[in-house]
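Asks: no FASTA, just this:
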């Protein structure tokens, strides 16, 4: 019987330099998207997929991230005393039970592959998910839940995938596709950040993975690749070379790259428009901005 995916790794050790000066004192992962920090979207998605153990790969200066998941007894008491039961329930969704969350330091910035490798002792011999909080995916059924359901049928390793334009392929790991079966594609190879015109397809790896523990063993052997970093893509490609199954999953939903300023702003607009409390007023405001060509001075 195939083991369930109950552990997830969240690489959050990056400095967030594209958002300076905001990230000088605030970790990028707790920057707010409408009314929730980016990391909360990832946690909620993971919970919906059945994840029970949450492993954060952090770095110096990320204590605010750990504090976010602690209970705030004083705040809870104040909300209860004020009769703000709705806000109290919202606050409870940010709490993590003791023993369900772990923090590992990535002492050197050696890339995504190295960050995942740091979790090897906590993963053990189980399949696990990797979630990049920068990638926010709006969908009716959470993306990782879609993938877990597909993984239960296929096994192997699985990568969330989407088509990207030719001029964007050099920013992604790209799948070389052997066959397709609905949203599931079998990969016969992967290339990290290929030069435009050399890519085997336009199907790009996005920040959701379900991986076998064998990938961690591959990371023991992987040398520095694109950008002088240890690439997770290279370790996954080794699975294919060894004859083990790797699949891409073309998820339903829209992905926002909140690792870039433009993507973060696009996500803010999209999520604000669908917010029950804010959507109507915000839509009217946007229409006024467009009609009157207003800009901040």
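Replies: Good, I have the coordinates. Every value quoted in this text rests on a predicted model; they were computed, and no experiment measured them.

Asks: once you drop chain neighbours, what's closest to residue 286?
Replies: Closest residue in space to residue 286, ignoring its immediate chain neighbours: residue 269 at 7.3 Å, by C-beta to C-beta, 6 or more residues apart in numbering. In this view, the C-beta of every residue, glycine as well, is placed from N, C-alpha and C.

Asks: helix, strand or coil for the one you found?
Replies: Using DSSP: H, G, I helix; E, B strand; the rest coil, the secondary structure recorded for residue 269 is helix.

Asks: repeat for residue 263
Replies: helix.

Asks: excluding its backbone neighbours, what's nearest it?
Replies: The shortest distance from residue 263 to any residue that is not its chain neighbour, by C-beta to C-beta, 6+ apart, is 3.5 Å, and that residue is residue 257.

Asks: mind listing what that neighbour touches?
Replies: By C-beta atoms under 8 Å, 6 or more residues apart in numbering, residue 257 lies in contact with 134-135, 263.

Asks: circling back to that earlier point, any idea of the pLDDT on the residue nearest to residue 286?
Replies: At residue 269 the predicted local distance difference test score is 94.

Asks: how near is it to residue 291?
Replies: Taken as C-beta to C-beta, to the nearest Å, the spacing of residue 269 relative to residue 291 amounts to 16 Å.

Asks: between those two, who's got more neighbours?
Replies: When neighbours are counted by other C-beta atoms under 10 Å, residue 269 comes out ahead of the other of residue 269 and residue 291, with 13 against 8.

Asks: roughly how far apart are that one and residue 47?
Replies: Separation of residue 269 from residue 47 (C-beta to C-beta) stands at 26 Å.

Asks: separation between residue 224 and residue 61?
Replies: Taken as C-beta to C-beta, the span from residue 224 to residue 61 is 24 Å.

Asks: swap in residue 174?
Replies: 33 Å.

Asks: likewise residue 264?
Replies: Distance of residue 264 to residue 61, given as C-beta to C-beta: 20 Å.

Asks: more neighbours: these two, which one.
Replies: When residue 264 is set against residue 61 and neighbours are counted by other C-beta under 10 Å, the residue ahead is residue 264, at 20 against 15.

Asks: and the more buried one, how close does it get to residue 34?
Replies: Plainly put, residue 264 is 11 Å away from residue 34 if you go by C-beta to C-beta.

Asks: next one: residue 20
Replies: Separation of residue 20 from residue 34 (C-beta to C-beta): 22 Å.

Asks: and what of residue 2?
Replies: When C-beta to C-beta is the yardstick, residue 2 and residue 34 sit 37 Å from each other.

Asks: tell me which of the two has more neighbours.
Replies: Neighbour totals were compared for residue 2 and residue 34, and residue 34 leads with 17 against 10 (other C-beta under 10 Å).

Asks: excluding chain neighbours, give the residue nearest to the more buried one in space.
Replies: The shortest distance from residue 34 to any residue that is not its chain neighbour, by C-beta to C-beta, 6+ apart, is 4.8 Å, and that residue is residue 271.

Asks: what does residue 130 give?
Replies: Sequence neighbours aside, residue 209 is the residue nearest to residue 130 in space, at 4.1 Å (criterion: C-beta to C-beta, 6+ apart).

Asks: stretch 98-106: end-to-end distance?
Replies: The distance separating the two terminal residues of stretch 98-106, taken as C-alpha to C-alpha, to the nearest Å, comes to 22 Å.

Asks: tell me the buried residues in it?
Replies: Neighbour-count burial for stretch 98-106, counted by 16 or more other C-beta atoms under 10 Å, picks out 101, 103-104, 106.

Asks: so what touches that stretch?
Replies: Under C-beta under 8 Å, 6+ apart, the answer for stretch 98-106 is 11, 13, 52-60, 66, 69, 114-115, 118-119, 122.

Asks: show me those residues that map onto helices.
Replies: With DSSP state H as the criterion, helices contain 66, 114-115, 122 from among those.

Asks: check those and tell me the two furthest apart.
Replies: Comparing all pairs in the ones in helices among the contacts of stretch 98-106 by C-beta to C-beta, the longest separation belongs to 66 and 114, at 20.8 Å.

Asks: what is the strand or helix carrying residue 88 packed up against?
Replies: For residue 88, the enclosing helix or strand under DSSP states H and E is helix 85-92. Other elements packing on helix 85-92 under the criterion 3 or more C-beta pairs under 8 Å, 6 or more residues apart in numbering; DSSP states H and E are helix 73-81.
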